[in-house]
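In: here's a sequence, model it:
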Amino acid sequence: MAAALKIEWAKVSSSLGLKGNTASSLSAFKKRNEDARRKLAQLQELPTTLDFSQYRGLLKNQAVIDEVESAYKAFKPTTIDVQAQLKGIEAFEAQAIKNAQDTKVQVDAQLKELAKTLENIEGARPFDQLTVEDIATARPDIDTRTAELVSRGRWSVPGYKEKFGDLSVL
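Out: Sure, this is the predicted structure:
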């Protein structure tokens, strides 16, 4: 519990840039932790001693009080081995870190790709300033396809008239 008190939950989420399933799992863990701390605080506030003499003065049946008192004194709280829970938390933490690292790698790759695309867009010449040679250099397959059509005696591109209209009537 002491380690959980030192965790700055907002910093964990923001510094790792957690999103999606990892962030929701972390917030669910945080909620369970806060609930457990709240329950522990409530239980610690409860009185832990019983005044059996007070009950002896209130009740006529002293045998019941003797039975309850002997059961109370014989009661030994069970200890719970929390190692299994700690191993589960460690496994969750390891998976959360792995997911966060995978997400970071993917986001970094996407950012590099987007930066490259943005650089290409910003550095591109306006369309009206492009020449046929520029287009042929950028897309050599267009030049090859055009040469193929011309060699077969076809001077028009399939679908051109349907898309742009018949320019021969102008």
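In: per-residue confidence at Ala124, what does it come out as?
Out: pLDDT for Ala124: 81.
In: quick one, what contacts it?
Out: If a contact means C-beta atoms under 8 Å, 6 or more residues apart in numbering, then Ala124 has no contacts. In short, each C-beta sits where N, CA and C put it, glycine included.
In: for it, give me phi and psi.
Out: phi -80, psi 150 (degrees, to the nearest 10).
In: and what of Lys39?
Out: According to degrees, to the nearest 10, Lys39 has phi -60, psi -40.
In: how about the nearest residue to Leu16, chain neighbours excluded?
Out: Excluding the flanking residues, the one nearest Leu16 by C-beta to C-beta, 6 or more residues apart in numbering is Ala100, at 4.9 Å.
In: what helix or strand does the one you found sit in?
Out: Assigned by DSSP states H and E, Ala100 belongs to helix 83-123.
In: packing partners of the helix or strand that that helix is followed by?
Out: Downstream of helix 83-123, the first helix or strand assigned by DSSP H and E is helix 132-138. Counting contacts by 3 or more C-beta pairs under 8 Å, 6 or more residues apart in numbering; DSSP states H and E, helix 132-138 packs against helix 140-151.
In: the next helix or strand after the helix it packs on: how far from the chain's middle?
Out: Once helix 140-151 ends, the next helix or strand along the chain (criterion: DSSP H and E) is helix 160-164. Mean-position distance between helix 160-164 and its chain equals 48 Å (C-alpha atoms, centre = their mean, to the nearest Å).
In: picking up where we left off before, can you tell me how far the residue nearest to Leu16 is from Gly20?
Out: The gap separating Ala100 from Gly20 is 10 Å, by C-beta to C-beta, to the nearest Å.
In: same check, this time on Asn61
Out: Between Asn61 and Gly20 the distance is 62 Å, computed by C-beta to C-beta.
In: also Lys112?
Out: Plainly put, Lys112 is 21 Å away from Gly20 if you go by C-beta to C-beta.
In: what strand or helix carries the residue of the chain most remote from its centre?
Out: Within the chain, Lys60 marks the point farthest from the mean C-alpha position, 62.7 Å out by C-alpha atoms, centre = their mean. If you go by DSSP H and E, Lys60 is not part of any helix or strand.
In: which pLDDT value belongs to it?
Out: What the model reports for Lys60 is a pLDDT of 84.
In: what's the following helix or strand after the helix or strand encompassing Ala36?
Out: Assigned by DSSP H and E, Ala36 falls within helix 20-45. Downstream of helix 20-45, the first helix or strand assigned by DSSP H and E is helix 52-58.
In: thanks a lot, see you next time.
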